[in-house]
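J.: What would the 3D arrangement of this be:
(chains A and B)
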Amino acid sequence: ETGVTQTPRHLVMGMTNKKSLKCEQHLGHNAMYWYKQSAKKPLELMFVYNFKEQTENNSVPSRFSPECPNSSHLFLHLHTLQPEDSALYLCASSQDSAGLSYEQYFGPGTRLTVT
Amino acid sequence: GENVEQHPSTLSVQEGDSAVIKCTYSDSASNYFPWYKQELGKRPQLIIDIRSNVGEKKDQRIAVTLNKTAKHFSLHITETQPEDSAVYFCAASSGRNQFYFGTGTSLTVIP
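T.: Reported below is the predicted structural model:
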């Protein structure tokens, strides 16, 4: 797929495991986002990177650790997760400029199950 | 911070009828309001958006209206078709890389 890709698409991990989610965008955007999507809840913005710099961290527990090595790649490192962290994790990118927001392009998501 | 509320949470309409989904927001600084459609097992995709300097925008069977004074915006789908069945999310943004989403509306179009 072109646009925004995510790997893996499905992940099952124990509470003591360490894993990483990967996101890559091929759209030349300057902003990348991590969202958590749980049933019956709104999309929850977790982290935002703009030009590789983290601009937002919405009170996310430290067991989630983001990394943005360049404007095209975004990682979410996971360790000692809890069962309530099971959800769909969506990556998105957008071209933000001059303080204006633009359309976000979402990846297909990683379905995470914590056992 | 911003608070976006979306209603209804579920909506069923007969094919050919219209569907309306409403959202309210709290932050008067919000100036960008996108609507996303998420089909089962797929990623959210933008279907229409509106900025605060515009009151209405149309794209074929889809329209969005914005009332800045009342802080609410609505999605209108006319002549609904079965393929319109999906979850629809509204969002509000003030342009600082912050997006606040509604809880979603599950739309079912009955053939």
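J.: and the helix or strand bottoming out on mean pLDDT in chain A, what does it pack onto?
T.: The weakest-scoring helix or strand in chain A, judged by mean pLDDT, DSSP states H and E, is strand A:53-57 (a mean of 73). Using 3 or more CB pairs under 8 Å, 6 or more residues apart in numbering or on different chains; DSSP states H and E, the elements in contact with strand A:53-57 are strand A:44-50, strand A:64-70. In short, each C-beta sits where N, CA and C put it, glycine included.
J.: Make CSV out of those and add distance to chain B.
T.: What follows is the helices and strands packed on strand A:53-57, written out as CSV (distance: least, CB to the nearest CB, whole Å):
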stretch, distance to chain B
strand A:44-50, 4
strand A:64-70, 13
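J.: hey, which of the ones you listed is tucked in deepest?
T.: Across the helices and strands packed on strand A:53-57, averaging neighbours per residue (mean count of other CB atoms under 10 Å in any protein chain shown) puts strand A:44-50 on top, at a mean of 21.
J.: what's the angle between that one and strand A:64-70?
T.: Here strand A:44-50 points in a direction 30 degrees away from that of strand A:64-70 (axes from the mean of the first three to the mean of the last three CA atoms, to 10 degrees).
J.: ok, back up a step: how distant is the least confident helix or strand of chain A from the center of its chain?
T.: Its chain's C-alpha centre and that of strand A:53-57 lie 12 Å apart, by CA atoms, centre = their mean, to the nearest Å.
J.: Tell me who's in contact with residue A:107.
T.: Shown in contact with residue A:107 (CB atoms under 8 Å, 6 or more residues apart in numbering or on different chains): A:3, A:4, A:5, A:6, A:23, A:25, A:90, A:91, A:92, B:43.
J.: Would you single out the least confident of the helices and strands packed on strand A:53-57?
T.: Ranked by mean pLDDT, the helices and strands packed on strand A:53-57 bottom out at strand A:44-50, with a mean of 90.
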